[in-house]
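>>> sharing a model prediction with you, sequence too.
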Amino acid sequence: MAAPSHRRSLRSRRVLVVSAAFVAAGVGAGALVMNANAGTVDLYHQTLAAKDGWASSGTGTTGGAKADAAHTFTVSTRAQLVKALGSATDTTPRIIKVSGTIDANTDDSGKKLTCADYAAGTGYSLSAYLKAYDPATYGRSKLPSGTQESARAAAQKKQALNVTFKVPANTTIVGVPGTAAGITGGMLQVQNVDNVIVRNLTFAATEDCFPQWDPTDGDDGNWNSNYDSVTLRGATHVWADHNTFTDAPHFDSANPKYYGREYQIHDGSLDITKGSDLVTVSRNQFTNHDKTMLIGSSDTDSVGKLRVSIHHNVWKGIMQRAPLARIGQIHIYNNHYDVTTLNGYATQYSINSRAKAQVVAENNYWTLPSGAKAAKLLSGDGTGSVKGSGNLVNGTVTDLVAAYNAASSKDLKTTVNWTPTLTTGLETSAAGLPTSLATTTGAGVLK
C-alpha cells in the first residue's frame with residue numbers, strides 16, 4: 001500500500017434566526033438575526049460574538065460590518081463577484097451578498113468555460129503529458145519538466161486567473177437566504193489580509209483541470225491539484241460559518257487512474273496555511289471529500305500562529321484531514337463526525353496532530369459503522385499532542401488517544417501547552433450533537 005501524502009495537494013451565543021422581508025441595498029429578501037447581547041442586526045452586518053473561538057481574539061472579527069451603501073453589493077455572476085471584490089489591497093469595508101449559485105468557470109459574458117478552453121493555445125494535452133512523464137521511461141526521481149509540463153502550468157494558470165477570487169480585508173461574503181447561494185468551481189483566496197467573514201454559502205465542484213504528476217510524493221507518486229474551495233494564506237481574524245463544502249456532483253470514485261494512481265482533481269475544502277492565525281470555523285458541513293482541512297502547509301509553517309477553533313461542524317463522507325494540524329493551538333469541540341462510507345469516501349482518520357501541534361479535542365461525537373475501530377479516528381507523527389475529554393463514540397465516552405496509542409508505533413502526546421478560554425457556546429455533553437447539528441449546520445440554515 002502506498003504511503004499517504006501529507007504534502008499540501010483543514011457568554012453563550014443565543015441567536016434567534018428570524019425571517020424578515022425588507023429591502024436593503026437591492027435585496028428584496030433579507031435576514032435578521034437576534035443576538036442576546038447585541039440586539040437585532042441583519043445577517044449581513046452580523047459580527048462574531050465575543051469569545052467565540054480564536055477569531056474573536058484581540059480586535060475580533062467584524063468583516064464588512066462598517067460598509068457604506070457604495071460598498072454593499074448583491075452579486076449573482078462571476079463578473080459581478082470579481083467587480084464587488086475589487087482590489088485585494090483595498091481595505092475599505094465591504095459586504096457582498098451572493099444571490100444564487102455563481103459558476104466560476106464562466107467568462108465575463110457568462111459563457112461556460114471548459115478544460116479545453118483553458119488548454120487552448122498552450123500546447124497541453126493529457127495524452128502527450130502522460131507519454132512524456134511515464135515513470136517507465138521518465139523515472140521517479142524528479143518532478144516533470146520540459147515542454148508538456150510548461151504547457152500544463154500555462155493551462156493551469158489560465159484556469160486560476162478565472163476561478164480564483166481574491167478577498168480583501170474587512171469583507172463579509174454572505175449567501176442570500178432562500179436563493180441556494182454558493183460558488184461552484186471556484187476558490188476564495190484570503191491571503192495576507194485581516195478581518196473576513198464567509199457565511200451561508202455552498203462551495204461545490206472545485207476542480208483542477210490540470211493536476212500535476214509528482215513521482216516523488218509518497219511511495220508510488222501522486223497527482224496533486226491546485227485549488228481549495230476556501231484557502232487562507234497568511235490570513236488573520238477569519239470566521240467561516242454555516243457553509244457547505246462538497247465535491248458534488250463529481251465524486252472521487254469517478255476519477256480515472258494514470259500511472260496506477262488516482263487522477264485527483266480536488267484539493268482542500270478549507271485550508272488554513274502560511275502563517276494564518278485567529279480563525280473560527282463554526283456550524284459548517286463538510287461532506288464528500290478526501291483531504292478536507294489542512295492547518296499548516298509544512299512542518300516549518302509558522303510557530304506562534306495557526307491558532308484555530310473548530311466547533312459545531314458536521315463531517316460526513318470525509319476521508320482525512322478533519323483536520324490535519326501542524327504547529328498551532330487547535331480547539332476542536334462539539335463536532336459530529338459520521339465516518340460511515342459515503343459515495344465511495346471511506347474514512348482513513350479524522351484528526352491528525354503532527355509537527356508539535358497542540359490540539360484540544362473535547363465533547364465531540366463520532367458515529368462509527370459496524371466493524372470500524374476507534375483506534376483509527378486519530379493519527380499523528382509522534383510529535384503532536386491531542387488532549388481529549390468528553391468524546392463519544394456511538395454514545396459511549398471513549399479515550400481516543402489511548403485507543404490510537406495502543407495500536408500505533410508513533411504515540412500521540414496527551415498534554416498541551418495551552419488552555420482554551422474563548423469557548424462561547426461550548427456544550428459540556430456531546431450526546432445530542434448528531435440530532436442538533438443535523439438541522440443547524442451548513443448553508444441554507446440562516447434565514
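Everything's here; your move.
>>> where's the closest residue in space to Gly328 that isn't next to it in sequence, which helix or strand?
Leaving aside its chain neighbours, Gly328 sits nearest to Leu306 (2.7 Å; criterion: CB to CB, 6 or more residues apart in numbering). The way it works is simple: take the backbone N, C-alpha and C, and place the C-beta from them, glycine included. Using DSSP states H and E, Leu306 falls within no helix or strand.
>>> for the stretch 101-250 of the chain, just list every one of the helices.
115-119, 126-132, 135-138, 147-163 (DSSP state H, counting those that start in this stretch).
>>> if I pick the most centrally placed residue in the chain, what's in contact with it?
What sits nearest the mean C-alpha location of the chain, by CA atoms, centre = their mean, is Leu270, with 1.4 Å. By CB atoms under 8 Å, 6 or more residues apart in numbering, the residues touching Leu270 are 10, 228-232, 240, 245, 281, 284, 286, 292-293.
>>> follow-up on the earlier one: for Leu446, find the nearest of the helices of the stretch 101-250 of the chain.
Of all the helices of the stretch 101-250 of the chain, helix 147-163 sits nearest to Leu446, with 25.5 Å by CB to CB.
>>> helices or strands up against that closest one?
Packed against helix 147-163, as judged by 3 or more CB pairs under 8 Å, 6 or more residues apart in numbering; DSSP states H and E, are the following elements: helix 115-119, helix 126-132, strand 212-214.
>>> at 7 Å instead, please
Counting contacts by 3 or more CB pairs under 7 Å, 6 or more residues apart in numbering; DSSP states H and E, helix 147-163 is packed against helix 115-119, helix 126-132.
>>> so who does the residue of the chain positioned farthest from its centre touch?
Distance from the C-alpha centroid of the chain, by CA atoms, centre = their mean, peaks at Thr137 (37.4 Å). Contacts here follow CB atoms under 7 Å, 6 or more residues apart in numbering; on that basis Thr137 touches nothing.
>>> same question, Ile330
Neighbours of Ile330 in contact, by CB under 7 Å, 6+ apart: 295, 308, 310, 357, 359.
>>> let's go with 10 Å and repeat that
Neighbouring residues of Ile330 by CB atoms under 10 Å, 6 or more residues apart in numbering: 54, 272, 279, 295-296, 306-310, 323, 351, 353, 357-361, 384-386, 416, 418, 420.
>>> quick one, which of those are buried?
54, 272, 279, 295-296, 306-310, 323, 351, 353, 357-361, 384-386, 416, 420 (16 or more other CB atoms under 10 Å).
>>> next, the contact list for the residue nearest to Gly328, please.
Leu306 neighbours (CB under 10 Å, 6+ apart): 54, 272-279, 295-297, 325-330, 355, 357-358.
>>> let's see that with 6 Å instead.
295-296, 327-328 (CB atoms under 6 Å, 6 or more residues apart in numbering).
>>> can you tell me how far it is from Asp228?
16 Å (CB to CB, to the nearest Å).
>>> also Ala402?
If you go by CB to CB, the gap between Ala402 and Asp228 works out to 33 Å.
>>> which strand residues sit across from Thr202 in the sheet?
Gly182, Thr244 (DSSP bridges).
>>> confirm for me that it is in contact with Thr244.
Yes: if you go by CB atoms under 6 Å, Thr202 and Thr244 touch, sitting 4.4 Å apart.
>>> so what sits against both of these two?
Shared contacts of Thr202 and Thr244, defined by CB under 6 Å, 6+ apart, comprise Ala443.
>>> per-residue confidence for the residue nearest to the centre of the chain?
As predicted, Leu270 sits at a pLDDT of 98.
>>> how close does it get to Asp411?
With distances taken as CB to CB, Leu270 is found 28 Å from Asp411.
>>> related to what we said a few turns ago, list just the nearest of the contacts of Leu306 to Ala346.
Ile295 (22.6 Å).
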